[in-house]
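A.B. asks: I would like to see how this sequence folds:
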Amino acid sequence: MKVNETKLKGCFICEPIVFGDNRGYFFEGFNESLFYEKTGVNFKLSQHNCSKSSRGVLRGLHFQVPPFEQAKLVFVTSGEVLDVAVDIRKNSPTYGQHITVILSEENKKRLYVPKGFAHGFVALTETASLSYLVEGNYSPAHDTGIMYNDPDLNIDWILDADLISISEKDSRLGSLSEFNSPF
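C.D. replies: Just a heads-up that it's a prediction; the model follows:
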């Protein structure tokens with residue numbers, strides 16, 4: 001597995017080594033000890049979540065506040081998404097900055113989103129299915145987020161705004177400047 005840290009400290013893009021031949025392919029999707037060796041992060045799987053979205057569906061920017069914060073290793077099992085991580089750690093030198101990465105069934109990249117980050121994605125293909133390996137359990141009382149189109153974040157979601165579809169819950173999210181970060 002190749003692992004590259006992004007400009008956001010603690011946020012990594014992982015690329016598995018794929019062994020393929022005329023029969024298909026094999027790759028190791030996640031290896032806890034190898035991930036720790038390459039990142040210094042002790043990621044302990046608590047949940048495995050899956051979602052399927054139609055083109056233009058945008059989910060995010062979501063996170064959970066302490067003491068139920070979550071880290072995620074996100075990857076696409078079919079289709080393609082633009083995946084986004086935003087640093088919301090108040091004392092971080094990259095606070096309020098984000099990275100974007102295309103995750104797809106074809107490129108097999110994974111994005112590790114640490115605790116203290118908001119996460120979201122938009123489906124770029126007719127449908128896209130995601131898997132999330134999650135450290136920490138879901139707590140509805142600690143679940144929140146930031147609006148995807150926060151002008152201070154200035155995220156380029158690739159698709160025109162009229163093609164983007166969000167949930168009613170996400171339409172009520174506020175801006176990063178309105179959020180008093182406990183991270």
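A.B. asks: tell me how many other residues surround E5.
C.D. replies: 13 (other C-beta atoms under 10 Å). All C-beta atoms are positioned from the backbone trio N, CA, C, and that covers glycine.
A.B. asks: how about the nearest residue to it once chain neighbours are set aside, phi and psi?
C.D. replies: The spatially closest residue to E5, leaving aside those adjacent along the chain, is F12, at 5.4 Å (C-beta to C-beta, 6 or more residues apart in numbering). Dihedral angles of F12 (phi, psi; degrees, to the nearest 10) stand at phi -120, psi 150.
A.B. asks: give the rounded mean pLDDT of the longest helix anywhere in the chain.
C.D. replies: The longest helix of the chain (DSSP state H) is helix 32-39. Helix 32-39 carries an average pLDDT of 96.
A.B. asks: could you pull out the helices for the chain?
C.D. replies: Going by DSSP H, the chain shows helices at 32-39, 168-171.
A.B. asks: could those helices be laid out in CSV, adding mean neighbour count?
C.D. replies: Converted to CSV, the helices of the chain look like this (neighbours: other C-beta atoms under 10 Å):
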stretch, mean neighbour count
helix 32-39, 14
helix 168-171, 11
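A.B. asks: those helices: which one's closest to R59?
C.D. replies: helix 168-171 (7.3 Å; C-beta to C-beta).
A.B. asks: ok so, going back, out of the helices of the chain, flag the one nearest D150.
C.D. replies: Closest among the helices of the chain, once you apply C-beta to C-beta, is helix 168-171, at 12.0 Å.
A.B. asks: averaged pLDDT, the closest one. What do you get?
C.D. replies: On average, helix 168-171 scores 97.
A.B. asks: can you pull the pLDDT of the residue of the chain positioned farthest from its centre?
C.D. replies: The centre of the chain is farthest from one residue, N22, which by C-alpha atoms, centre = their mean lies 32.3 Å away. Confidence at N22, expressed as pLDDT, is 96.
A.B. asks: equivalent analysis for F117, please.
C.D. replies: 98.
A.B. asks: burial count for it?
C.D. replies: Counted with other C-beta under 10 Å, F117 comes out at 26.
A.B. asks: quick check: closest non-adjacent residue to it.
C.D. replies: A85 (5.0 Å).
A.B. asks: need the contact list for that neighbour.
C.D. replies: The contact partners of A85, by C-beta atoms under 8 Å, 6 or more residues apart in numbering, come to 6, 8, 11, 98-99, 111, 113, 117-119.
A.B. asks: among those, which two are most distant?
C.D. replies: T6 and A118 (14.3 Å).
A.B. asks: looking at the two, which one has more neighbours?
C.D. replies: A118 (25 against 19).
A.B. asks: which strand residues bridge the more buried one?
C.D. replies: V86 (DSSP bridges).
A.B. asks: L124 contacts L82, correct?
C.D. replies: Yes - between L124 and L82 there is a contact under C-beta atoms under 8 Å: 6.0 Å.
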